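**Q** here's my sequence, what's the structure:
(4 chains)
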2 protein chains.
Amino acid sequence: MPTIGFETHDHHACVSDAMAKAEARCAASDLRLTPVRRRVLELLLAEHRALGAYDILGHLSAEGLGTQPPVAYRALDFLVKAGFAHRVEALNAYIACTHLGADHAPAFLICRNCRSVAESNTALTQGRLGDAARAAGFQIEHTVVEAQGLCPACQTGDAA
Amino acid sequence: MPTIGFETHDHHACVSDAMAKAEARCAASDLRLTPVRRRVLELLLAEHRALGAYDILGHLSAEGLGTQPPVAYRALDFLVKAGFAHRVEALNAYIACTHLGADHAPAFLICRNCRSVAESNTALTQGRLGDAARAAGFQIEHTVVEAQGLCPACQTGDAA
DNA sequence: CCAAGATTGTTATAATATAACTCTTGTTAG
DNA sequence: CTAACAAGAGTTATATTATAACAATCTTGG
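**A** Numbers count the residues shown, from 1 in each chain, chains lettered A, B, ... in the order given. Presented below is the predicted three-dimensional model:
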């Protein structure tokens, strides 16, 4: 499961592949990929960058798909619960999942300059934190792993 | 560096020890632990729980130390920059550092029921995410590692 | 068709955070 | 000593993120 996001790749295929997987998954799991939900997923897939709920809402609003915050938040909640997108806590923002289909605990590399985000994965419960949790009797249900810094492109021109 | 937060311990000593270390560090580094900053640190130390900025502001306000949001946010910013407190991204909240003095990348175990937080530490840059970052040419500056779940006390009565 | 449940529309408001300007205080160069 | 400066604190206003609550509509199975 490689890191994706800073490498050049066939982005058109990357998007259509993800949409196809999401559709298949919805059909299989009796989930409904309604027009708003589909469009929000497309918007997130279009960029390997984190988008705020109100960025999303701006697009939806321009396209006549809804004007009020709950429209965006509901669609994002659906996508996150379905595993099609992730919430990036450090940015209060959202990003499409690039490992769709795989059962994974996501980890992010977040560029503080261009806000691009690469998704990797983690085996946190097997590492030191997992040891600490077991020792303390703490039951881990969900993990947030986010590293902030500079992506390759932003290290040269810099913008510190 | 053990996990602290879910174990019973001499809390009075834990608090006064932390205050003493903070004072020493301020004296050594030419930082000013002003009345508001000191009080906010005391409030955070009083509980091994994450407190929101407006929780803090409520206390300050009741004590005549300031009534407007910037008062709390400035004090919290100072404490975080000085390393006396950490921001918990998943909760938009703040907690006193329990490893004061040690140079560390904090990791948190967060109980979703009682909001108590234990601070452990991480060696993230040495693990899989570190490998992924190096492979991608990403330069890590700061890490957020937060595990959410149930603490020992909340697993029995549960509250799922 | 009808009922039940899921989804969407809409209004209002809550919760979190910062910009920008003023005033005070403490330090220091002259 | 004192003017000038820097750091901190007071204050007003507003930006950003998020949710509660209820009404309307659509979808599906019986």
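**Q** show me which residues of chain A sit near DNA strand D.
**A** Within chain A, the positions near DNA strand D by CB under 7 Å from any atom of the strand are A:52-54, A:68-70, A:73, A:92-93. All C-beta spots, glycine's among them, are computed from the backbone N, C-alpha and C.
**Q** helix or strand for the most centrally placed residue in chain A, which one?
**A** In chain A, the residue lying closest to the centroid (CA atoms, centre = their mean) is A:Ile95, at 2.9 Å. Taking DSSP states H and E as the criterion, the element that holds A:Ile95 is strand A:93-96.
**Q** looking at strand pairing, list the partners for the residue nearest to the centre of chain A.
**A** Applying DSSP bridges to A:Ile95 yields these beta-bridge partners: A:His86.
**Q** now A:Gln148
**A** When bridges are called by DSSP bridges, A:Gln148 pairs up with A:Ile110, B:His142.
**Q** count the neighbours of the nearest residue to A:Val88 once chain neighbours are set aside for me.
**A** Leaving aside its chain neighbours, A:Val88 sits nearest to A:Ala50 (4.8 Å; criterion: CB to CB, 6 or more residues apart in numbering or on different chains). Residues within reach of A:Ala50, counting by other CB atoms under 10 Å in any protein chain shown, total 23.
**Q** so the most far-flung residue of chain A relative to its centre is in which element?
**A** Of all residues in chain A, A:Ala135 sits farthest from the chain's C-alpha centroid, using CA atoms, centre = their mean; the distance is 31.1 Å. Assigned by DSSP H and E, A:Ala135 belongs to helix A:128-136.
**Q** now that helix: buried residues?
**A** A:128-130, A:132-133, A:136 (16 or more other CB atoms under 10 Å in any protein chain shown).
**Q** any chance of these in JSON lines, with pLDDT too?
**A** Output for the buried residues of helix A:128-136, formatted as JSON lines (pLDDT from 0 to 100):
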{"residue": "A:Arg128", "pLDDT": "79"}
{"residue": "A:Leu129", "pLDDT": "83"}
{"residue": "A:Gly130", "pLDDT": "86"}
{"residue": "A:Ala132", "pLDDT": "87"}
{"residue": "A:Ala133", "pLDDT": "91"}
{"residue": "A:Ala136", "pLDDT": "91"}
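**Q** which among the residues you listed gets closest to DNA strand C?
**A** Set against DNA strand C, the nearest of these by CB to the nearest atom of the strand is A:Leu129 (23.0 Å).
**Q** show the low-confidence segments of chain A, by residue range.
**A** Counting by pLDDT under 70, chain A contains low-confidence residues at A:1-5, A:124-125, A:157-160.
**Q** ok, back up a step: how much space between the residue nearest to the centre of chain A and A:Gly52?
**A** 11 Å (CB to CB, to the nearest Å).
**Q** repeat for A:Leu76
**A** 10 Å.
**Q** the two: which has the busier surroundings?
**A** Remark: of A:Leu76 and A:Gly52, A:Leu76 carries more neighbours, 24 against 16, as counted by other CB under 10 Å.
**Q** just how off-centre is the strand or helix carrying the more buried one within its chain?
**A** Using DSSP H and E, A:Leu76 maps to helix A:69-82. Centroid separation for helix A:69-82 versus its chain: 12 Å, with CA atoms, centre = their mean, to the nearest Å.
**Q** one more: stretch A:95-112?
**A** 5 Å.
**Q** likewise for stretch A:62-70?
**A** Relative to its chain's centre, stretch A:62-70 lies at 21 Å (CA atoms, centre = their mean).
**Q** of the buried residues of helix A:128-136, which are in range of chain B?
**A** With CB under 8 Å from any CB of the partner chain as the criterion, the buried residues of helix A:128-136 include A:128-129, A:132-133, A:136 near chain B.
**Q** the residues you listed also near DNA strand C: which ones?
**A** Checking those against DNA strand C by CB under 7 Å from any atom of the strand, not one of them is in range.
**Q** A:Ala22: which of the residues you listed is nearest?
**A** Checking those against A:Ala22 by CB to CB gives A:Leu129 as the nearest, at 30.8 Å.
**Q** where's that closest one relative to A:Gly52, distance?
**A** 28 Å.
**Q** any idea how far A:Ala90 is from A:Arg112?
**A** Counting by CB to CB, the separation of A:Ala90 from A:Arg112 is 10 Å.
**Q** stretch A:69-80 near chain B at all?
**A** No - with CB under 8 Å from any CB as the criterion, chain B is not reached by stretch A:69-80; the gap is at least 13.4 Å.
**Q** and DNA strand C, is that stretch touching that?
**A** Yes - judged by CB under 7 Å from any atom of the strand, stretch A:69-80 comes into contact with DNA strand C at A:69-71, A:74-75, A:78.
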